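[1] fold the following for me, if possible:
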Amino acid sequence: MQEESVQRIGIIESLASRMALWLNKERQGDHIDYLKMKLGIETILTNVSKGLIVYGLAILLGLFLQTLILHVAYAVVRRYAYGLHANSSTVCSIVSIILFIGTPILSQYLPFTRLMVIGCGLLFITLLYLYAPADTDKSPIIGAERRRSLRMKSIVACAVVTGVAFLYPDPFIRSLLMLGVAIQIVMILPLTYKLLKRSVKNYEQYETESRSA
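    Next comes the predicted model:
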């Protein structure tokens, strides 16, 4: 499994490097421009490859629509709440399969009533207010105003998903929507960071250094 992962990442990195070299040559950019383009292309290709794996498996299992609904609810809130990332592409792929394939299967046995939607929605909004946005050591969120803006946007996004779930008549669709948000909430909790031995509020280090300078 590890050798396959290294080979796949190597192919992606090689392809990203070739594309970045060609684009940089066309733009007559410098080495910094090349590195930025390479990183961006590599990120896109990695995400596409993981998406193909997850959605390919979802199609094989007849769960494409369920996975899509869950993923959209998750992504809408994550766009502003941020949160944990896996340390490697392999771990990310495995976790994505477990969450975005396993959770739709679970949702079939966990229909949400409208009262459950309201209760979970209020809980999620409270947790977002307390802990969003959650950064990582590699991607600190610098600036108090930016963090406040992201926090409010994440709360609004959660409220919108909760509203859609409340109004939707199918209890299983409600379940998918709310579980999608629940997955993202787990990604920002200090307890999750602690269990995975990851640091929280990474922005403090950079802002302290900036004030000291």
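[2] am I right that residue 138 sits in a helix?
    No: applying DSSP: H, G, I helix; E, B strand; the rest coil, one finds residue 138 to be coil, outside a helix.
[3] remind me which residues of this structure are low pLDDT?
    Across the chain, the ranges flagged by pLDDT under 70 are 1-10, 207-213.
[4] for the residue of the chain most remote from its centre, give its distance to residue 205.
    Largest separation from the mean C-alpha position in the chain: residue 28, at 34.0 Å (Cα atoms, centre = their mean). Counting by Cβ to Cβ, to the nearest Å, the separation of residue 28 from residue 205 is 37 Å. Glycine gets a C-beta too; all of them are placed from N, C-alpha and C.
[5] tally of neighbours for the residue nearest to residue 61 when sequence neighbours are not counted?
    The spatially closest residue to residue 61, leaving aside those adjacent along the chain, is residue 101, at 6.7 Å (Cβ to Cβ, 6 or more residues apart in numbering). Residues near residue 101, counting by other Cβ atoms under 10 Å, number 19.
[6] which ones are touching residue 101?
    By Cβ atoms under 8 Å, 6 or more residues apart in numbering, the contact set of residue 101 is 54, 57, 58, 61, 63, 67.
[7] what are the buried residues along whichever strand or helix holds residue 57?
    Per DSSP states H and E, residue 57 falls inside helix 31-60. The neighbour-count check on helix 31-60 (16 or more other Cβ atoms under 10 Å) flags 34, 37-38, 41-42, 45-46, 49-50, 54-55, 57-58 as buried.
[8] now the strands for the protein?
    Counting by DSSP state E, the chain yields no residue ranges for strands.
[9] that older thread, how far off centre is the helix holding residue 57?
    14 Å (Cα atoms, centre = their mean, to the nearest Å).
[10] ditto for stretch 175-185
    On Cα atoms, centre = their mean, the centre of stretch 175-185 falls 12 Å from the chain's centre.
[11] pull the residues that contact it.
    Contacts for stretch 175-185 (Cβ under 8 Å, 6+ apart): 66, 69-74, 77-78, 81, 83, 99, 103-104, 106-107, 110-112, 116-117, 120-121, 124, 127-128, 158, 161-162, 164-165, 168.
[12] and the helix holding residue 57, what does it pack against?
    helix 2-27, helix 64-81, helix 89-107 (3 or more Cβ pairs under 8 Å, 6 or more residues apart in numbering; DSSP states H and E).
[13] including distance to residue 147, could those go into JSON lines?
    Formatted as JSON lines, the helices and strands packed on helix 31-60 follow (distance: least, Cβ to Cβ, whole Å):
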{"stretch": "helix 2-27", "distance to residue 147": "31"}
{"stretch": "helix 64-81", "distance to residue 147": "10"}
{"stretch": "helix 89-107", "distance to residue 147": "25"}
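[14] mind checking which of the ones you listed is nearest residue 143?
    helix 64-81 (14.4 Å; Cβ to Cβ).
[15] the closest one vs helix 89-107, what angle?
    Computed by axes from the mean of the first three to the mean of the last three Cα atoms, to 10 degrees, the angle separating helix 64-81 from helix 89-107 equals 120 degrees.
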